[in-house]
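Enquirer: 3D model of this:
(2 chains)
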Amino acid sequence: MMDKDKLRKADLFSGGIIFLLGLYIVSQSLQMPMKDSWGGVQNVWYVSPAIFPLFVGAMIMVLGGFLVRVAFKSVGLKGLTDVTGFLFSPQMTLFLKQAQNLRFFAILTLLLSFVFIMIPRIDFFLAAVLFLVVFIPMFYLDDHGLLKKMLMVYLGQMAVLILFFITGLNTGLESLMGYPGDILVLFFIVTFAVFAFSLVRRDELKRKKFRTCMILAVMTPILIGVIFKYLLMVPMPFEGMFVALTDAIWYFEF
Amino acid sequence: MVLLERMGSFFEIALGIVSDPTSLAILFGSVLLGIIFGAMPGLTSTLGVALLTALTYSMDTPLAMVCLLSIYVGGTYGGSYAAILINIPGTAAAAATALDGYPLACKGEGGRAIGLTTTSSAIGTAMSMLFVVSISPLISKFALQFTSFEFFLLAFFGILISGSLTSPDLVIKGWIAGFLGLFLACIGRDQLQFFPRFTYGISDLESGIEVVPVLIGAFGIPQIISVLKDKFQMGKAQKFQRILPELGTVIRNIPAIIRSAFIGVGIGAVPGIGEDIAGWVSYGTAKNTSKHPETFGKGELQGVIASETANNACVGGAMIPLLNLGIPGSPPAAMLLGALMLHGVTPGPMITFEHPTFIMEVAAILLLASMAMWVTGMLLAKQVVKILRIPTQIFMPIIGVLCIIGSYSLGLNIFNLYLMLPVGIVCYFLTEMGYPIAPLVIGVILGPMADENVRRALMVSQGSFMPVFQRPVALILFLIIVWTVVSQLPWYKRKMAGIKLAFLNKIGLNPK
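Expert: So this is what the prediction gives:
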């Protein structure tokens, strides 16, 4: 959590956003049937589906407004101009480049790409291995320079993956070979591992840490996948190359 | 006679669990897993319950309850390991434990402190079980008299009180978090007329948002981000020898244990208030009532006992409103409520009719979990402490994968992930800006209950709010809500400060 002075300044903005959200909820609720007929039922105001969201929206609006008032009383107009000035100053760029923020962007990139790009399209095992192969060393190696380089490579890989699906290359390649997306991700896993190894190969301690990272990154998805898929009978979000292989082994479908 | 019957049923259930090797293995395994989750700073018992909810989805309800309650009990206790040995509370619940636990460990009495926390935690959990058994029927009977107005006001009170007591910054932020939760609960088709609200034509939103993925996101994702972003570093654990506490020390501290258990149960029973507050309140009480308050913070055994007994007693306390009113008493209890709903059990006043032995089952599991916790704590403490050597940077990404597969597996819907992750990211920002997450979660859970009941109540009263003032319970709840709000207003605070000053002047204790 931030310190008190920063919190009050942030409250000016969070309170404003919350106030606007409340306003939006109220405006949307007012479009819901209040007294008119819905589904053959003539409404009265007190059974309207709008009643509760209206109340919630109004409360959010009031509380958001109150928060802005409290924050404004605490930091005054100077606080507001300080924050808006900071947002559009070169200091903001420096702030965003801070090591802590870079780590935050790295975590967000990894989580968002895993959920929104890989899980719906790539075999879960492979997607999870790539996620962990990048995620664990990025933080466990504890080196800002390495994190930056790894993040750049991973962003490049994700850009290629997005293009691969947007251009429809995956469907085109599917007629030529099975699981083109999975093969691409497998290629990414190998190239990333090789790249990361090249970064740490001269440092014995980091090399040791890297080995641990790779073992965990590969073994964890296999363990989790086997538990969910074969013991709890939960089908994976996307089943591709690796699931076909484990299915063949598990059910002896040679 | 009824008491004997209940006791018979209680022991029959307990014996059933003990005599079944699978249940027994799950009991000990979950307690151990809970201790590990609690011991590792960055992981919490709420997250443990959340992740295990996915794994227990395909189990029978009683077995799933053994699993979830055991991890809850183990997780609450496990936080004390890191608090005592590295001065970093494994969970927020153990924050007060660190104050005296770490100085004890520095004096070479870490083993003694762990032994006493294990014993007092076990006694605290077992005592809270007694309250679950004895108070539940009374509350359940009382709650049967509730009408829709009372349920609406109760839900509203739960959100407000949770917002007031859990907010680390301004109380208003706790309330905002609660209302944001209520807004999330509005999404989907409404329960009475099936009108789509805030669905934007997305069919996955029609049935409303799935509670468990939202809870996993709200508790798991902010934890992952904050631990990795802030480069959390684990300290070196202090060494310790003997764990088994001396019987004499335990007996000498029995009054403190009983008092702390009462505090824990009482605080646990207040909707949405977690084990951390129970620990602090109990620690404060122990310090204020001690003959040597100056020894607190320097390695006082009573401090450790007070906080650990209360936070574990809070587990049972949290079960009381959860089982009888359908209102979770703490964040892990909110997770449990989600899990129970997945298993087709709807807690509330009707639970004694729909599932007559359910409360007894919960009580029996709590007792067995406390025993399993004591045995595991005594036998495996030295091994569990080794876990503290694992860097958080290794297990946090793995927790990320577990959060994702866990959210997906509950309903086999990728859309759950599209919901879980943004909710988690928003919750991270909210946490950073001093908004508590517990009221938001309570809001998501109690939203449908509040919505349905307020409209049903108004339907019965033909749009009149008069029953609120005509029904005693509704009126009391209404007055408490009004007081909760008014007590936070600046003029009220000024007025109260004035009255206090005038009173002190009158009795000759003017602070000037």
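Enquirer: and the residue nearest to the spatial centre of chain B, what does it touch?
Expert: Geometric centre of chain B, nearest residue: B:Ser330, 2.6 Å, by CA atoms, centre = their mean. By CB atoms under 8 Å, 6 or more residues apart in numbering or on different chains, B:Ser330 lies in contact with B:268, B:272-275, B:314-315, B:318, B:438. C-betas here are computed from N, CA, C, even on glycine.
Enquirer: walk me through the domains of the chain.
Expert: Going with chain A. As recorded under automatic domain parsing, the domains making up chain A are A:4-89, A:99-250.
Enquirer: chain B is the one I meant
Expert: What automatic domain parsing lists as the domains of chain B is B:2-452, B:471-512.
Enquirer: winner for burial among the ones you listed?
Expert: domain B:2-452 (a mean of 23; mean count of other CB atoms under 10 Å in any protein chain shown).
Enquirer: chain center to that one: distance?
Expert: 4 Å (CA atoms, centre = their mean, to the nearest Å).
Enquirer: do stretch A:122-139 as well
Expert: 14 Å.
Enquirer: restricting to C-alpha, output that stretch in CSV.
Expert: As requested, the backbone C-alpha atoms of stretch A:122-139 are provided in CSV (Å, rounded to 0.1, in the frame of the first residue of the first chain):
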residue,chain,number,x,y,z
ILE,A,122,-2.5,-24.0,-27.4
ASP,A,123,-2.2,-27.3,-25.7
PHE,A,124,-2.5,-26.6,-22.0
PHE,A,125,0.7,-28.5,-21.1
LEU,A,126,2.8,-26.6,-23.6
ALA,A,127,1.2,-23.3,-22.8
ALA,A,128,1.9,-23.8,-19.1
VAL,A,129,5.5,-24.9,-19.8
LEU,A,130,6.2,-21.8,-21.9
PHE,A,131,4.6,-19.6,-19.2
LEU,A,132,6.7,-21.1,-16.4
VAL,A,133,9.9,-21.4,-18.5
VAL,A,134,9.7,-17.6,-18.9
PHE,A,135,8.1,-16.7,-15.6
ILE,A,136,10.3,-18.6,-13.0
PRO,A,137,13.7,-17.6,-14.3
MET,A,138,12.6,-14.0,-14.9
PHE,A,139,12.1,-13.6,-11.2
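Enquirer: packing partners for the strand or helix carrying B:Phe142?
Expert: Counting by DSSP states H and E, the element that carries B:Phe142 is helix B:110-143. Under the contact criterion of 3 or more CB pairs under 8 Å, 6 or more residues apart in numbering or on different chains; DSSP states H and E, helix B:110-143 touches helix B:61-86, helix B:95-106, helix B:247-252, helix B:254-269, helix B:301-325, helix B:351-354, helix B:358-386.
Enquirer: in terms of secondary structure, what does the first one contact?
Expert: Helices and strands in packing contact with helix B:61-86 are listed as helix B:21-39, helix B:45-55, helix B:95-106, helix B:110-143, helix B:301-325, helix B:331-342, helix B:358-386; criterion 3+ CB pairs under 8 Å, 6+ apart.
Enquirer: same check, this time on the third one
Expert: Helices and strands touching helix B:247-252, as assessed by 3+ CB pairs under 8 Å, 6+ apart, comprise helix B:110-143.
Enquirer: is the helix or strand following the helix it packs on anywhere near chain A?
Expert: Note on helix B:110-143: by DSSP H and E, the next helix or strand toward the C-terminus is helix B:148-166. No. If you take CB under 8 Å from any CB of the partner chain as the test, helix B:148-166 misses chain A, and the best it gets is 9.6 Å.
Enquirer: so what does helix B:148-166 touch, helix or strand wise?
Expert: Using 3+ CB pairs under 8 Å, 6+ apart, helix B:148-166 sits against helix B:171-186, helix B:438-460, helix B:467-470, helix B:472-486.
Enquirer: and the spatially closest residue to B:Leu160 that is not a sequence neighbour, what is it in contact with?
Expert: The shortest distance from B:Leu160 to any non-neighbouring residue, by CB to CB, 6 or more residues apart in numbering or on different chains, is to B:Thr484 (5.1 Å). B:Thr484 makes contact with B:157, B:160-161, B:164, according to CB under 8 Å, 6+ apart.
Enquirer: next, format the helices and strands packed on helix B:61-86 as TSV and append mean pLDDT.
Expert: As requested, the helices and strands packed on helix B:61-86 are exported to TSV (pLDDT from 0 to 100):
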stretch	mean pLDDT
helix B:21-39	90
helix B:45-55	83
helix B:95-106	84
helix B:110-143	86
helix B:301-325	88
helix B:331-342	85
helix B:358-386	87
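Enquirer: now distance to A:Ile227 too, for these, in a markdown table please.
Expert: A markdown table is the format used below for those (distance: least, CB to CB, whole Å):
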| stretch | distance to A:Ile227 |
| --- | --- |
| helix B:21-39 | 13 |
| helix B:45-55 | 8 |
| helix B:95-106 | 33 |
| helix B:110-143 | 29 |
| helix B:301-325 | 27 |
| helix B:331-342 | 18 |
| helix B:358-386 | 22 |
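Enquirer: ok so, going back, can you give me the distance of the residue nearest to B:Leu160 to A:Ile107?
Expert: According to CB to CB, to the nearest Å, B:Thr484 stands 37 Å off from A:Ile107.
Enquirer: no further queries at this time; thank you.
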